[in-house]
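Need a 3D model of the following:
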Amino acid sequence: MMKRVVADSIINMGEYSSRYMKGIFSFVGFETKWIKYEDAERVKGTSKWKMGSLFAYAADGIMAFSTLPLRLAGLASVLLFAAAIVFMTVCAVNCAGPSKDIRATDVLLLVVMMVSSMQMLFIMPHTFAAAATDISVGKTASGDWHEKFADKFTDTVVSTDTSYTSPDLSVKLTYNSFDTNRLDRSGGGVHEAYGTRTAYVLADIYVSDISCIKTAFAEDTYGTGFSETLRGMSKRMKSVLAVNGDSYSNNLQRDNGVIIRNGTLYRSNSSDTETCILYRDGTMKIHEPGPMDGQKLIDEGAYQSWIFGPSLLDENGKAKTSFAIRDYIQESHPRTAIGYYEPGHYCLLVVDGRQTTSRGMFLGEMAKLFEDLGCKVAYNLDGGHTAFMTMGDRVVNKPYKPDNKVADGIFIMENLK
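Residues are numbered from 1 along each chain as shown. I've put the predicted structure just below:
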């Protein structure tokens, strides 16, 4: 018996041709509870397992899920090196003796022993370190967030209009509005009627596993021409929280950049804008515009990608003051953005706009907000009439076009079904 999140972690592993399940169950790093039971005798038939296949199965587990073979190889290299030193000493004594005789085969054997042992001694530390790192990542990537953020989770589901906590999730909404004291006179004055105030809703999010963060396409289909309300998508996904995504298929983005969703590569093109990548280890990074290798990103652990932009913080987590993006995006607009604190801790922001109660935000204003929050990475998603946030199937921000349809979304989920 296992939770859906455990099953997904196992499915997402790269072992396909030989899945040593007893090792994998331990490798993914979740807490295990043992249940005692009495093993009943087989009523009919005989086991297909033979002695040879059992030995092969055990050997597979030892070789694939243990550092013992590396340790044995390391020990063998040390012993071989020591033997080579002893043999070299014997050869030197014979050569210095009265006969001054040494055979060519002895020299050849000595060279082979020395080169082989030194090669093994040089390679083994690096190989062992890599294997140890892989095992450590497998143990901590999923299980560690439970412990690290234990004070954020609850033993049972506790839900209110502005919060949701469970054994695997913590979502808390904060509403804020303030006067920016800045009138937006850009765009030929179209924003001036909305005044200087702005309002937003911020979702502070902790997850126990990266698979609690999902993405989905409208109508569950990748491509152009598909749209769906975020409320409808949220209901279909059974999400706790959701926001619109990057509108990957609009006129400007339909052939642009790399699209990775839930670990699946859908598109791998060069990008003319910054790309935000969320990795399976929970880290988030910004990739500069230019050629991109989607399969390489997948191999490196990329889990989600977004291609709207721009990024809002520099490498030190400070707000950027200039943005390499077209002027229209830099005007004050309704906004949606994602922020990253550390693996397992994220936030989603939706800024209302094009209303007298909230004109929207300039990119610089939003960047400063993420800096003040303490985020390390922040990235602008699509906004305008697509800026929506739902909790369950309720829209929790105040969009200026209620129930407008979107192309894709980001969903915070229990992921147990």
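
those helices in the stretch 101-250 of the chain, which residues are they?
Under the criterion DSSP state H, counting those that start in this stretch, the stretch 101-250 of the chain carries helices at the ranges 104-148, 230-237.

Worst mean pLDDT among the ones you listed?
Mean pLDDT per stretch puts helix 104-148 lowest among the helices of the stretch 101-250 of the chain, at a mean of 64.

S77 belongs to a helix?
Yes - if the criterion is DSSP: H, G, I helix; E, B strand; the rest coil, then S77 is within a helix.

Renumber starting at 655 from here on
Got it, first residue is 655 now, which makes that one S731.

Quick check: it touching S771?
Yes - with contacts defined as CB atoms under 8 Å, S731 counts as touching S771 at a distance of 5.3 Å. Where C-beta positions appear, they are placed from N, C-alpha and C, glycine not excepted.

what bits of the stretch 905-1054 of the chain have low per-residue confidence?
Using pLDDT under 70 as the threshold, the predicted model of the stretch 905-1054 of the chain has low-confidence ranges 905, 908.

Let me see the ranges of the strands in it.
In the stretch 905-1054 of the chain, the strands defined using DSSP state E, counting those that start in this stretch lie at 912-915, 918-922, 929-933, 938-941, 956-960, 989-996, 999-1006, 1031-1034, 1043-1045, 1048-1049.

neighbouring contacts of the shortest one?
When you say that, I think you mean strand 1048-1049. With CB atoms under 8 Å, 6 or more residues apart in numbering as the contact definition, strand 1048-1049 has outside contacts at L884, R885, F1042, M1043, P1056, D1057.

How about the contacts made by I913?
For I913, the contacting residues are Y876, Y902, L919, Y920, R921, G948, S959, I961, by CB under 8 Å, 6+ apart.

Actually, A1061.
A1061 makes contacts with F871, A872, F880, S881, G899, S901, Y902, S903, N904, T1040, as judged by CB under 8 Å, 6+ apart.

For ChimeraX, write the select line for the buried members of the residues you listed.
Applying 16 or more other CB atoms under 10 Å to these, the buried members can be selected in ChimeraX as follows:
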select :871,872,881,899,901,902,903,1040
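
got the strands of the stretch 905-1054 of the chain as a markdown table, with distance to L726 columns?
Supplementary listing: those in a markdown table, determined by distance: least, CB to CB, whole Å:
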| stretch | distance to L726 |
| --- | --- |
| strand 912-915 | 39 |
| strand 918-922 | 38 |
| strand 929-933 | 33 |
| strand 938-941 | 38 |
| strand 956-960 | 35 |
| strand 989-996 | 38 |
| strand 999-1006 | 41 |
| strand 1031-1034 | 43 |
| strand 1043-1045 | 55 |
| strand 1048-1049 | 59 |
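
Out of the ones you listed, flag the one nearest R1013.
Across these, R1013 has its closest neighbour in strand 999-1006 (9.0 Å, CB to CB).

just checking, what packs against the closest one?
Contact here means 3 or more CB pairs under 8 Å, 6 or more residues apart in numbering; DSSP states H and E; on that basis strand 999-1006 packs against strand 851-861, strand 895-898, strand 989-996, helix 1017-1027.
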